[in-house]
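> Model the following, please.
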Amino acid sequence: MTASTSMSVFHQWLLAAPAGKASACAIMLHCDDSLPCTHLIRDIADYLNEYDDDGDGRWLPATPDLVEKIARDENHRRLLGMSRIGTGHAGDPQAGYRETLTGLNQRGHVVFRSPGVSYEEPDLANTFHAGVGLPHEIPGECHLILNSALMDHKCIAHIIGDVFLEWFHCETHRSTPIHEIR
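Down below sits the predicted model:
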């Protein structure tokens, strides 16, 4: 997917009605560096666009390149209801990236990669955390961790999508704050 194609997907996603507060959801991937996480992000979004009936085909694969592009573009930030670039983040180059993840998450139906360091994780409500890689190399807490060394990589997106849908339709997570589920 080229940069212009991913921006087109972003704009189509923006035109769809935003998810309601109760149904806003996202999937954050925690991947080790040995995996092609960008492909996995796209594969999970594609899978959910096909099998998540409630999602109406509006799952956005927010690849790191797309998130960076949105974070740097004031017009795209404004479309997400975010502040101007550079306001209040002196000395923290990742703050804009994390803020963009939060803006995307609040709209819902988005799959993206974790910034990588658990203490820098944005606090995102109603987000399913999936770890992929060697379990001891996955930073942060996850609802699901898949050891990629023990499985066919073609299955990973489907497993994450299916477990996410089970999690999402479980009433327990809707009435319990995310930090209590972990």
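> use CA for all of it now, contacts and neighbours both
Fine.
> Report all helices and strands that the longest helix anywhere in the chain contacts.
When the chain is parsed with DSSP state H, its longest helix is helix 153-169. Counting contacts by 3 or more C-alpha pairs under 8 Å, 6 or more residues apart in numbering; DSSP states H and E, helix 153-169 is packed against helix 37-51.
> And the pLDDT at residue 103?
Listed pLDDT for residue 103 reads 85.
> Without its sequence neighbours, what residue ends up closest to it?
residue 80 (5.8 Å; C-alpha to C-alpha, 6 or more residues apart in numbering).
> Distance check, that neighbour against residue 155.
33 Å (C-alpha to C-alpha, to the nearest Å).
> Could you do residue 169 as well?
With distances taken as C-alpha to C-alpha, residue 169 is found 21 Å from residue 155.
> same thing with residue 41?
13 Å.
> between these two, who's got more neighbours?
residue 41 (23 against 10; other C-alpha atoms under 10 Å).
> what's near enough to touch the more buried one?
Residue 41 makes contacts with 29, 61-63, 111-113, as judged by C-alpha atoms under 8 Å, 6 or more residues apart in numbering.
> what pLDDT does the residue nearest to residue 103 get?
So residue 80 comes in at 80 (pLDDT).
> one step back: the longest helix of the chain vs helix 37-51, what angle?
Here the directions of helix 153-169 and helix 37-51 differ by 50 degrees (axes from the mean of the first three to the mean of the last three C-alpha atoms, to 10 degrees).
> ok, how many other residues are close to residue 97?
Residue 97 has 20 nearby residues by other C-alpha under 10 Å.
> Tell me where the protein is predicted with low confidence.
Scanning the chain for pLDDT under 70 picks out the ranges 1-8, 11-24, 34, 84-93, 116-123, 171-182.
> Swap in 90 and give it another go.
1-25, 31-38, 53-58, 64, 68-108, 114-126, 133-141, 148-149, 151-153, 168-182 (pLDDT under 90).
> where do the helices sit along it?
3-15, 37-51, 64-72, 74-79, 95-107, 153-169, 171-175, 178-181.
> Many thanks, we can stop here.
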